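Visitor: My questions are about this predicted structure, shown below with the sequence.
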Amino acid sequence: MVVTGRIGKRRGRRTDCYTSAERSYVMSRIRSRGNRTTELRFLRYCRRFGIRGWKRGSKMFGRPDFVFYHAQVAVFVDGDFWHGNPKKYRVPKSNQEYWEEKIESNRRRDRLVNRTLKSQGWRVFRVWESELKRDIEAVMAKLRVLVPVQMKGAASSKELNRFRVRPKSKPQHQSRTP
């Protein structure tokens, strides 16, 4: 499509310099780069809690935000609005039918991605954006179950067990006999 709009030139009473078809084409060419601030917050928490070994920008089906290849875990950090968090989502007042269909199609796609990755042997971990703000300890505890904490230089699970903190046994009290 040839875009004929000129910046600063008005078309009749409209403030947009493009026709609706041209504006639609221009907007369709814009690609998202993910929810950067939320993903960086998640990454910061992973580092703080000692969870390592993730990769970003994977080309896997569904494009997970983080992939732990060694543990076969795909992590998705879902925005409350775009993925329809049941506790936080509110339908916008304008164009309600469009937004309801849009969010529902996102939810359907999320379910398809979950089923597909699970059938390929992956474990899927989804985190709501609001959970990262509210209860990060619980989120990281769930992730730790799926992704064991890796110590630098540890090569096997036997070596990792060496570094695990074990509870101290109770001291034996000797009875005093006079």
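Guide: All right, it came through fine. Residues are numbered from 1 along each chain as shown.
Visitor: Show me the contact partners of the longest helix along the chain.
Guide: Secondary structure of the chain per DSSP state H: the longest helix is helix 96-119. Helix 96-119 is contacted by residues 60-62, 64, 74, 76, 78, 81-84, 89, 91-92, 124, 126 when judged by CB atoms under 8 Å, 6 or more residues apart in numbering. (C-beta placed from N, C-alpha, C; glycine too.)
Visitor: 10 Å instead, please
Guide: Contacts to helix 96-119, defined as CB atoms under 10 Å, 6 or more residues apart in numbering, come from residues 60-64, 72-74, 76, 78-79, 81-86, 89-93, 95, 122-124, 126.
Visitor: who does the helix or strand following that helix touch, helix- and strand-wise?
Guide: Next helix or strand after helix 96-119 toward the C-terminus (DSSP states H and E): strand 123-128. Strand 123-128 is packed against helix 36-48, strand 66-68, strand 73-78, helix 96-119, helix 136-146, with contacts defined by 3 or more CB pairs under 10 Å, 6 or more residues apart in numbering; DSSP states H and E.
Visitor: Now with 7 Å, please.
Guide: With contacts taken as 3 or more CB pairs under 7 Å, 6 or more residues apart in numbering; DSSP states H and E, strand 123-128 sits against strand 73-78, helix 96-119, helix 136-146.
Visitor: Within the sheet, what are the partner strands of that strand, with directions?
Guide: Sheet pairing for strand 123-128, assigned by DSSP bridges, gives strand 73-78 (parallel).
Visitor: Please save the CA atoms from the partner strand in CSV.
Guide: C-alpha atoms of strand 73-78 as CSV (Å, rounded to 0.1, in the frame of the first residue of the first chain):
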residue,chain,number,x,y,z
VAL,A,73,10.1,-24.3,32.0
ALA,A,74,8.5,-21.5,29.9
VAL,A,75,7.6,-18.4,31.9
PHE,A,76,5.0,-15.9,30.7
VAL,A,77,4.6,-12.5,32.5
ASP,A,78,1.0,-11.6,31.6
